[in-house]
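> structure for the following, please:
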Amino acid sequence: MRVLVTRPETQGIELCALIEKMGGYALHYPLIDIHLTSLDSSQLTKLRCADIVIAVSQYAVHGLSKPLSTHPDSMPNHAIYLGVGQKTAHELSKIVQQNVHYPSVSDSEHLLAMPELVGVAGKRVVILRGNGGRELIFDELTKRGAHVHYLQLYQRQYRAVESAAIEQWQQAQIDTMVVTSAEQLDHLVAAMPESQHAWLKQQWLLVPSERIAKQAIAQGFNNITNSQGASNSTLFAALQRLKTGLNNDEQK
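Residues are numbered from 1 along each chain as shown. As a prediction, this is how the structure comes out:
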C-alpha cells in the first residue's frame, strides 16, 4: 500500500508515521494550510455568555489556546460543551477542564441528533470553527430557535497542486489517497489538470463520512472506503482493513 495523505499539519505527519509503522509507504502533501487567528473583545464576550459551545475541529480548539492564555475567564463554567468528533472533544476538554460530549459518528448530522441540542430555543450557541465549511449546524440550530454565533479561530488557505508533486506521486506509485474533508476533495479534483483526472480517479480513496463518499462517487471515483470517522486512529484502522482486503484479493 502506497498512500498519499492530504490532511494538514501534525495530523497528517502523525498518520504518515502510523502507515510506515504498518509497513506501508506514506507521502504527506497537505492540500490546505492552517493559520490561527485572534479574537477581539466582543467575540470573547459572546464566548463568555454562551450556553452551548460547539467545536467543529481540532484546529478550532487549538485556536482557543492563545486567547485563553490571556483571558482565562472567557470559557463559561455553566455551558454545555460539544465536539463534532471524539478527538476534538478530548482536546477541548483539556482546555476547558470540563466534560465535552460528542456523537458516536463524527459528523454534523449525528451531532445535531444529540440530546444536548434538543430544546435549544432561546439558548446562546457559539460555534468554534475556521473560515468557510458547512452551514448545517448553524442553520439547523437557528431553525430550532437558538441564537447562534460563529467564532472564527483559523483560516484555511488552499495549496496549489504543482506538476512536480503529481509527478512525484506517480513515480512513488501512489495507489491510495486519504482525503478528510469535502473542501479538500473539491480542491484536489479542481487543482488537478484534466489530463491527470483518469489517473486520479483510479486511486483508492479513503474518506471519513458517507456524505464525502457520495460526493466522491459523483465526481467519478470508483474505489472508495468510508472510515466512518476522521481521527487518525480511525483512518489508520480503515487503512489496515483495506490493506488486508487488497492482499486477500491479490491472493485469489
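
> the longest strand in the chain is where?
Determined from DSSP state E, the single longest strand within the chain is strand 147-158.

> show me what contacts the spatially closest residue to residue 134 that is not a sequence neighbour?
Using C-beta to C-beta, 6 or more residues apart in numbering and skipping residues adjacent in sequence, the residue nearest residue 134 is residue 108, 6.0 Å away. C-beta here means a position set from N, CA and C on the backbone, and glycine is covered the same way. Contact partners of residue 108, counting by C-beta atoms under 8 Å, 6 or more residues apart in numbering, are 56, 84, 134, 136, 137.

> the third one: how many residues sit nearby?
To tie it back to what came earlier, the one meant is residue 134. Residue 134 has 15 neighbouring residues, counting by other C-beta atoms under 10 Å.

> confirm it sits in a helix?
No: read with DSSP: H, G, I helix; E, B strand; the rest coil, residue 134 is coil and lies in no helix.

> what separation do you get for it and residue 174?
Counting by C-beta to C-beta, to the nearest Å, the separation of residue 134 from residue 174 is 28 Å.

> equivalent analysis for the last one, please.
The span separating residue 137 from residue 174 equals 34 Å under the rule C-beta to C-beta.

> repeat that for the second one.
For residue 84, the distance to residue 174 (C-beta to C-beta) stands at 29 Å.

> of those two, which one has the most company?
Each of residue 84 and residue 174 has its neighbours counted (other C-beta under 10 Å); residue 84 has more, 25 against 22.

> surely that one and residue 109 touch.
No: counting by C-beta atoms under 8 Å, residue 109 is not a contact partner of residue 84; they are 10.3 Å apart.

> quick one, helices of the stretch 51-200 of the chain?
Assigned by DSSP state H, counting those that start in this stretch, the stretch 51-200 of the chain shows helices spanning 58-70, 86-96, 108-112, 136-143, 163-171, 182-191, 197-200.

> list the buried residues for the last one?
Pointing back at helix 197-200 there. residue 200 (16 or more other C-beta atoms under 10 Å).

> what's that helix packed up against?
helix 182-191 (3 or more C-beta pairs under 8 Å, 6 or more residues apart in numbering; DSSP states H and E).

> so which of the helices of the stretch 51-200 of the chain is nearest residue 218?
Between residue 218 and those, the shortest separation by C-beta to C-beta is 10.3 Å, and it involves helix 182-191.

> for residue 222, which non-adjacent residue is spatially closest?
Distances taken as C-beta to C-beta, 6+ apart place residue 201 nearest to residue 222, at 6.9 Å, with adjacent residues excluded.

> for residue 189, see how far away that neighbour is.
Using C-beta to C-beta, we find residue 201 at a distance of 9 Å from residue 189.

> now do residue 210
With the distance defined as C-beta to C-beta, residue 210 ends up 19 Å from residue 189.

> those two: which has the busier surroundings?
Set side by side, residue 210 and residue 189 show more neighbours around residue 189, with 18 against 13, by other C-beta under 10 Å.

> name all residues that make contact with the more buried one.
Contact analysis of residue 189 by C-beta under 8 Å, 6+ apart lists 197, 200, 219.

> do residue 232 as well
Contacts for residue 232 were tallied using C-beta under 8 Å, 6+ apart; they are 11, 14, 15, 18, 87.

> apply 7 Å and report the result again.
11, 14, 15, 18 (C-beta atoms under 7 Å, 6 or more residues apart in numbering).

> and the first one, that one's in a helix?
Yes: assigned with three-state DSSP, residue 11 falls within a helix.

> look up how far residue 9 lies from the residue lying closest to it once chain neighbours are set aside.
The shortest distance from residue 11 to any non-neighbouring residue, by C-beta to C-beta, 6+ apart, is to residue 232 (6.2 Å). Here the distance between residue 232 and residue 9 works out to 12 Å (C-beta to C-beta).
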